[in-house]
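Participant: next one to model:
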Amino acid sequence: ELDALKVSLAFPSDDTAAANADPEALSKRITLLESDLRTATCNVTSAAERSTSLEQKITALTKLHRDATTASQTKDKELTDLRSQLQRQHRPSHVRDASSFDLQDDEIEEGQLQTRIRTLEAENFDLKRGVWRDRRAELQPGMHDPDAPEYEDVDLNGPDNHNGRGSFARQTSSFQDVISSGISAFTGRTKGVASPQQNRQRNMSVGLLSEDGFDEEAFRLAQEEESKRRIERVKEVKRGLEGWRGWRVDLSELRTGGAGAGRECGPVFEI
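Facilitator: The predicted model follows:
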């Protein structure tokens, strides 16, 4: 095209020569060329704007594609985790993975509260039992008291026990004799009707459970410490479950006669 332009400039065409001869035709040609120039300029501007718009669309599509890829990867990972959990739930109980066993926060808190309630109940029972035991020891005669009656030997093993002491006066006893002898051994008195003084002492020993001198703050601190130790023990047991993976418990048949005549051992299991 450059060579053609150089040739046309060096050697004017017939149209150019005719235009030079006719000024009106030359003006029309100039007007036509200007119109073509404006049209070309407008087309270039439109093309540039369209190119800019396409670049923006490409950028937006690239961002959407990246976000969609990230979301897809997240969903794939979540799906994999759900499948793993489903497989673990469908496993038999003896091959279940112990490492995935973990308590939630609400379960830990609920377990702590339940443990604390049980511990408080046990402590309350122990305190009441201790008060009752101390008061009973004060009301009852001692074991080494010369005025206290002697205890009675009772055969509780039945007729099948051949290893009992030879000092027993008889080898068999009825159910009523066993109960009476047990009460006598517990109270430290011989069989017979209790005296009014003894009945009065027994009635005085009822209702002596008192909470005077009970330190609630020290008791609360002790319970918190006990709860912490229990939680640590649970965690230690859970960590130790990893060492028992793959083991199986085999229960053997009930064994009889293992501890002598008339006695039986319970179920024996081996690991």
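Participant: so Q112 sits in a helix?
Facilitator: Yes - per DSSP: H, G, I helix; E, B strand; the rest coil, Q112 lies within a helix segment.
Participant: any idea which helix or strand comes after the least confident helix or strand in the chain by mean pLDDT?
Facilitator: Across the helices and strands of the chain, mean pLDDT, DSSP states H and E gives its lowest value to helix 196-204, namely a mean of 52. Per DSSP states H and E, helix 196-204 leads on to helix 216-240 as the next helix or strand towards the C-terminus.
Participant: got the buried residues for that next one?
Facilitator: For helix 216-240, burial by neighbour count (16 or more other C-beta atoms under 10 Å) applies to Q223, E226, S227, R230. Glycine gets a C-beta too; all of them are placed from N, C-alpha and C.
Participant: how about those residues in JSON lines, adding pLDDT?
Facilitator: JSON lines is the format used below for the buried residues of helix 216-240 (pLDDT from 0 to 100):
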{"residue": "Q223", "pLDDT": "89"}
{"residue": "E226", "pLDDT": "91"}
{"residue": "S227", "pLDDT": "90"}
{"residue": "R230", "pLDDT": "91"}
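Participant: let's test this: mean pLDDT of stretch 180-194, rounded?
Facilitator: Average pLDDT, stretch 180-194: 58.
Participant: whoops, stretch 115-124 was the one
Facilitator: Mean pLDDT, stretch 115-124: 84.
Participant: what's that stretch in contact with?
Facilitator: Residues outside stretch 115-124 that contact it (C-beta atoms under 8 Å, 6 or more residues apart in numbering) are F219, Q223, E226, S227, R230.
Participant: contact partners for the fourth one?
Facilitator: Right, S227. Q112, T115, R116, T119.
Participant: ok, back up a step: closest to A48 among the buried residues of helix 216-240?
Facilitator: A48 lies nearest to S227 out of the buried residues of helix 216-240, by C-beta to C-beta, at 75.4 Å.
Participant: how close does that closest one get to D106?
Facilitator: Between S227 and D106 the computed distance is 16 Å (C-beta to C-beta, to the nearest Å).
Participant: just give me the neighbour total for L120.
Facilitator: 14 (other C-beta atoms under 10 Å).
Participant: that one and A222, how far apart?
Facilitator: From L120 to A222 the distance is 10 Å (C-beta to C-beta).
Participant: can you tell me the element R29 falls in?
Facilitator: Going by DSSP H and E, R29 is part of helix 23-89.
Participant: buried subset of the contacts of S227 as a PyMOL selection?
Facilitator: With 16+ other C-beta under 10 Å as the criterion, this PyMOL line picks the buried residues out of the contacts of S227:
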select buried, resi 115+116+119
